[in-house]
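Engineer: Quick one: sequence and predicted model below, then my questions.
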Amino acid sequence: MKKILISVGLLIAGAIVGSFIFQANVSNLGSASGRDLYNYQNISSVDAGKIMVVRSNSAILGSLVIASSSSAGEIIIYDNSSATGVSTTTVASSTATKISRIKVGTAENTLTYDVLAPNGIVLGIPSTFNGNYTLTWK
């Protein structure tokens with residue numbers, strides 16, 4: 001009988017300790033640490049005609065959410081090191097390093113990139129742009 005009580009006691013103690021260990025390991029589920037958080041930049045017709053430096057040093061381009069497409073003017077996402085020669089009138093024909101080009105009339109969608117922009121992110125927004133986009137990066 002004594003062996004059974006000791007076994008049951010050890011089993012209960014093990015269950016209690018195990019539940020504390022398990023709880024400690026899952027307490028961070030559903031939350032992100034500071035370095036994992038995404039930043040965002042809204043882009044709308046108010047930004048038309050701008051060269052927008054989103055980030056001036058290394059970044060990971062996350063996604064571009066197209067809430068409403070642009071019927072005129074495409075956005076081009078550049079690597080920051082080579083976009084200095086870009087102007088609002090030559091944004092579509094620039095020879096700067098392009099990460100992505102979002103063409104006129106691209107349907108409402110989320111474009112996922114998950115790509116390193118080693119020198120930062122610059123957006124070329126032509127003066128005819130009239131969409132509503134959100135860019136994410138970390």
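Structural biologist: On my side now, so go ahead. The shown structure was predicted, so the numbers you read here are calculated from the model rather than taken from an experiment. Numbers count the residues shown, from 1 in each chain.

Engineer: C-alpha only now, for contacts and for neighbours.
Structural biologist: OK.

Engineer: May I ask which helix or strand of the chain has the lowest mean pLDDT?
Structural biologist: helix 2-26 (a mean of 66; mean pLDDT, DSSP states H and E).

Engineer: ok, which stretches of the chain are strands?
Structural biologist: Remark: strands assigned in the chain by DSSP state E are 39-43, 51-55, 59-68, 75-79, 98-102, 109-117, 121-124, 132-137.

Engineer: Please convert those strands to a markdown table, extending it with mean neighbour count.
Structural biologist: Formatted as a markdown table, those follow (neighbours: other Cα atoms under 10 Å):
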| stretch | mean neighbour count |
| --- | --- |
| strand 39-43 | 15 |
| strand 51-55 | 18 |
| strand 59-68 | 19 |
| strand 75-79 | 24 |
| strand 98-102 | 16 |
| strand 109-117 | 15 |
| strand 121-124 | 26 |
| strand 132-137 | 20 |
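
Engineer: Distance to K2 and mean pLDDT added to these, as JSON lines?
Structural biologist: Below are the strands of the chain laid out as JSON lines (distance: least, Cα to Cα, whole Å; pLDDT from 0 to 100):
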{"stretch": "strand 39-43", "distance to K2": "61", "mean pLDDT": "92"}
{"stretch": "strand 51-55", "distance to K2": "69", "mean pLDDT": "86"}
{"stretch": "strand 59-68", "distance to K2": "62", "mean pLDDT": "92"}
{"stretch": "strand 75-79", "distance to K2": "73", "mean pLDDT": "87"}
{"stretch": "strand 98-102", "distance to K2": "72", "mean pLDDT": "89"}
{"stretch": "strand 109-117", "distance to K2": "61", "mean pLDDT": "91"}
{"stretch": "strand 121-124", "distance to K2": "70", "mean pLDDT": "88"}
{"stretch": "strand 132-137", "distance to K2": "62", "mean pLDDT": "93"}
